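Peer 1: coordinates for the following, if possible.
(chains A and B)
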Protein chains: 2
Amino acid sequence: MKIDVQLTTARKQKPASDQLVFGKTFTDHMFIMDYTAGTGWHDARIVPYQPITLDPASTVFHYGQTVFEGLKAYMTKDEQILLFRPEKNMQRMNRSNDRLCMPHIDEEFALEGLKQLITIERDWIPTAEGTSLYIRPFIIATEPYLGVSPSKRYQFIIILSPVGAYYKEGINPVKIAVENQYVRAAVGGTGNAKTAGNYAGSLKAQEVAEAAGYSQVLWLDGKEKQYIEEVGSMNIFFKINGEVVTPALNGSILEGVTRSSIIELLQHWNIPVTERRISIEELYQAYKEGLLEEAFGTGTAAVISPVGELFWNGEKLIINDGKTGELSTKLYDTLTGIQTGKVEDPFGWTVRVLENRVSI
Amino acid sequence: MKIDVQLTTARKQKPASDQLVFGKTFTDHMFIMDYTAGTGWHDARIVPYQPITLDPASTVFHYGQTVFEGLKAYMTKDEQILLFRPEKNMQRMNRSNDRLCMPHIDEEFALEGLKQLITIERDWIPTAEGTSLYIRPFIIATEPYLGVSPSKRYQFIIILSPVGAYYKEGINPVKIAVENQYVRAAVGGTGNAKTAGNYAGSLKAQEVAEAAGYSQVLWLDGKEKQYIEEVGSMNIFFKINGEVVTPALNGSILEGVTRSSIIELLQHWNIPVTERRISIEELYQAYKEGLLEEAFGTGTAAVISPVGELFWNGEKLIINDGKTGELSTKLYDTLTGIQTGKVEDPFGWTVRVLENRVSI
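Peer 2: Numbering: from 1, shown residues only, chains lettered A, B, ... in the order given. All right, here's what the predicted structure looks like:
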């Protein structure tokens, strides 16, 4: 499939690096392609960033058939554009598509569309320390039909947003409250798909936690409310007595690309890392015995988000004196180093965007 | 707030009564109002039915903040327009709004907007037996921001769709498969809110059931996968040894308006009805003992949907010889009779739309 390119005639003003807010500013262009049952994906195009026009009866508004991804492009010191394991995002998007009864995308073609879009928008990639170009591919169901059944029409869209440093004053631990009332996902639900409904359902717990002075919630499993699943919209890791533990993928936990990379990195360093079920009670006991050395969330936006305090059962668990741990720092530095081309990439994780691929 | 009215200059062709398909045809106009944080709801208007134009970064596409309702308008024999307990829908919409961190609507004003819209569209209300005008109020989050937090902008929209008789050849039992793998909702999730994500997550189980020759699934609870919750997107009732039983509202079951009405109707008739926890095992035992007399789903679209066969654990449970039960028929006739003004309404459930309220 050919990608039609229509360039804007009115380029926007780019915000200063220190003025960038996550997900508020978008670049000049977007990638779109359409899906029609029977025909498949068609009309791939790069067009000026513009509103989407949809029938008010479109499935996405009523029955939430939608999946999305999040990844970043980085500008290296020698002005190469790097993506971090983008094929992982496209693979996961197709796993999400399966769960939501949505059509597969051609992963290679979607990645090609992304690369062309980024090449056109290369001047939008910020270069200051910690900044990057956030990439949001998403698919929405667009058939105007109120029957509860999979849509026969979809749009796949990629939008780009330059984002500032997540930690403006260096990597900084957050305070987390263990969530006992609300549930993010249950086994058999959509928790392991990256789909809108999971995030809609999470807002209430987040609102309650914020009102109590916490920045995120620690989600427990939907069945027994005992086992740790995720933190906010990130995966979670604990360092207990020298061993790193993260909840095993159980069907309700999202398989994060950063999560996988952390596990591989730890294995590469010969640091023991285990994916297994871990209860909040076990974590508490480890804390009481002085064995809970570090805790950190992992995700595309923050990469590593250290947890300095965990509120559970009326008690504040202060982890590593509320400071960023040694391992958290090393993981953050290494992973962001690889992503930005400053540190050698022994895994072949980074993908260079070759800019001679577009001729327009 | 005043409701601005802008009428279309190009009225659509109305389909014949026997050509109506649920949720595919929409009327000439729609109701819209906007919400902006700090200002509240504003710019209420009735406009020609038209596409919605949204920024691709709008919250609804990414984080699924949306709620909806479904109800119907009926044309009586003496050409009065009736709504069925519409205030219940507006109340539930606000309960859904609470769960999804979305702003409340003024229930009376929303109902007023609905009545004005229906008055304008009165010629769209079909009059043939079993037909009605389906009403879909919904709210979508429209702020162009990729941070995971409640949107600061929303649109409340009402669209209308003339719908044909649900049972073209009379009320007819369906075959249902008990769902053992997928889960609709868990306590602490969004199951008791009418929001898009619940429906997105349900499509996969429905797809699997249909492939096996079943028209819906019977959902079990997300925790123990033992207790009966809903059927497809309807509530469920069983008549066991003369007593009617429906799963108690437990936080993951949607509180259906038809469900409430059935309970009140049964109480009015002095037929024993109980809201309680009921397991699939208990239901199976009742079946084995010959005590499972009837089973039926309840919802706005079908009103009553009798269950003739239940597939569980490799066994087909044939209920009432696969025929519509006496109580199911009586409930269907009475409820649809009240809704269409053919049967006396001792409860004050129907609301007449007074057509002199619009002057344009």
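
Peer 1: tell me where the stretch 1-150 of chain A has strands.
Peer 2: For the stretch 1-150 of chain A, the strands defined by DSSP state E, counting those that start in this stretch occupy A:4-5, A:29-36, A:40-48, A:52-54, A:66-68, A:71-75, A:81-84, A:132-141.

Peer 1: can you tell me the closest non-neighbouring residue to the residue in the stretch 151-300 of chain A that chain B sits nearest to?
Peer 2: Of all residues in the stretch 151-300 of chain A, the one sitting closest to chain B is A:G197 (1.9 Å; CB to the nearest CB). C-betas here are computed from N, CA, C, even on glycine. Excluding the flanking residues, the one nearest A:G197 by CB to CB, 6 or more residues apart in numbering or on different chains is B:G197, at 1.9 Å.

Peer 1: which residues are contacting the strand or helix carrying that neighbour?
Peer 2: Taking DSSP states H and E as the criterion, the element that holds B:G197 is helix B:196-211. For helix B:196-211, the external contacting residues (CB atoms under 8 Å, 6 or more residues apart in numbering or on different chains) are A:60-66, A:99-101, A:148-150, A:189-190, A:195-198, A:200-201, B:64, B:66, B:68, B:176-177, B:179, B:181-182, B:184-185, B:190-191, B:215-217, B:219, B:232-233, B:254.

Peer 1: ok, of the residues you listed, which come out buried?
Peer 2: Among the contacts of helix B:196-211, those buried by neighbour count (16 or more other CB atoms under 10 Å in any protein chain shown) are A:60-66, A:99-101, A:148-150, A:189-190, A:195-198, A:200-201, B:64, B:66, B:68, B:176-177, B:179, B:182, B:184-185, B:190-191, B:215-217, B:219, B:232-233, B:254.

Peer 1: enumerate the residues of the stretch 151-300 of chain A near chain B.
Peer 2: Proximity of the stretch 151-300 of chain A to chain B is confined to A:157, A:159, A:161, A:181-190, A:195-204, A:206-207, A:222-225, A:232-233 under the rule CB under 8 Å from any CB of the partner chain.

Peer 1: distance check, the residue nearest to A:G197 against B:R184.
Peer 2: 11 Å (CB to CB, to the nearest Å).

Peer 1: before we move on, what about A:E108?
Peer 2: A:E108 is 35 Å from B:R184, where distance means CB to CB.

Peer 1: one step back: ok, which of the strands of the stretch 1-150 of chain A comes nearest chain B?
Peer 2: Minimum separation from chain B across the strands of the stretch 1-150 of chain A (CB to the nearest CB) falls at strand A:52-54, 4.6 Å.

Peer 1: near chain B at all, that closest one?
Peer 2: Yes. Strand A:52-54 reaches chain B (CB under 8 Å from any CB) through A:52-54.

Peer 1: list buried members of those by neighbour count.
Peer 2: Neighbour counting by 16+ other CB under 10 Å classes A:52, A:54 among those as buried.

Peer 1: with pLDDT added, can I get the residues of strand A:52-54 next to chain B in a markdown table?
Peer 2: Converted to a markdown table, the residues of strand A:52-54 next to chain B look like this (pLDDT from 0 to 100):
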| residue | pLDDT |
| --- | --- |
| A:I52 | 97 |
| A:T53 | 98 |
| A:L54 | 98 |
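
Peer 1: tell me which of the residues of strand A:52-54 next to chain B is nearest to A:T336?
Peer 2: A:I52 (33.0 Å; CB to CB).

Peer 1: how many residues are close by A:H268?
Peer 2: By the measure other CB atoms under 10 Å in any protein chain shown, the count of residues near A:H268 is 11.

Peer 1: before we move on, what about A:A212?
Peer 2: Close neighbours of A:A212, defined as other CB under 10 Å, add up to 10.

Peer 1: surely it and A:K175 touch.
Peer 2: No. Judged on CB atoms under 8 Å, A:A212 makes no contact with A:K175 at a distance of 9.5 Å.

Peer 1: next, show the common contact partners of these two.
Peer 2: Shared contacts of A:A212 and A:K175, counting by CB under 8 Å, 6+ apart, come down to A:F311.

Peer 1: ranges for the strands of the stretch 151-300 of chain A?
Peer 2: For the stretch 151-300 of chain A, applying DSSP E, counting those that start in this stretch gives strands covering A:153-163, A:174-178, A:216-220, A:228-231, A:235-240, A:243-247, A:273-276, A:292-299.

Peer 1: would you turn those into JSON lines with distance to A:Y134?
Peer 2: Converted to JSON lines, the strands of the stretch 151-300 of chain A look like this (distance: least, CB to CB, whole Å):
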{"stretch": "strand A:153-163", "distance to A:Y134": "5"}
{"stretch": "strand A:174-178", "distance to A:Y134": "20"}
{"stretch": "strand A:216-220", "distance to A:Y134": "19"}
{"stretch": "strand A:228-231", "distance to A:Y134": "20"}
{"stretch": "strand A:235-240", "distance to A:Y134": "18"}
{"stretch": "strand A:243-247", "distance to A:Y134": "24"}
{"stretch": "strand A:273-276", "distance to A:Y134": "27"}
{"stretch": "strand A:292-299", "distance to A:Y134": "12"}
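
Peer 1: to B:L331, which of the ones you listed lies closest?
Peer 2: When the strands of the stretch 151-300 of chain A are compared by CB to CB, strand A:153-163 sits nearest B:L331, at 37.6 Å.

Peer 1: list the helices and strands that closest one packs on?
Peer 2: Using 3 or more CB pairs under 8 Å, 6 or more residues apart in numbering or on different chains; DSSP states H and E, the elements in contact with strand A:153-163 are strand A:29-36, helix A:107-120, strand A:132-141.

Peer 1: tell me which of those is the most buried.
Peer 2: Of all these, strand A:132-141 carries the top mean neighbour count, a mean of 24, counting by mean count of other CB atoms under 10 Å in any protein chain shown.

Peer 1: with that, I have no additional questions.
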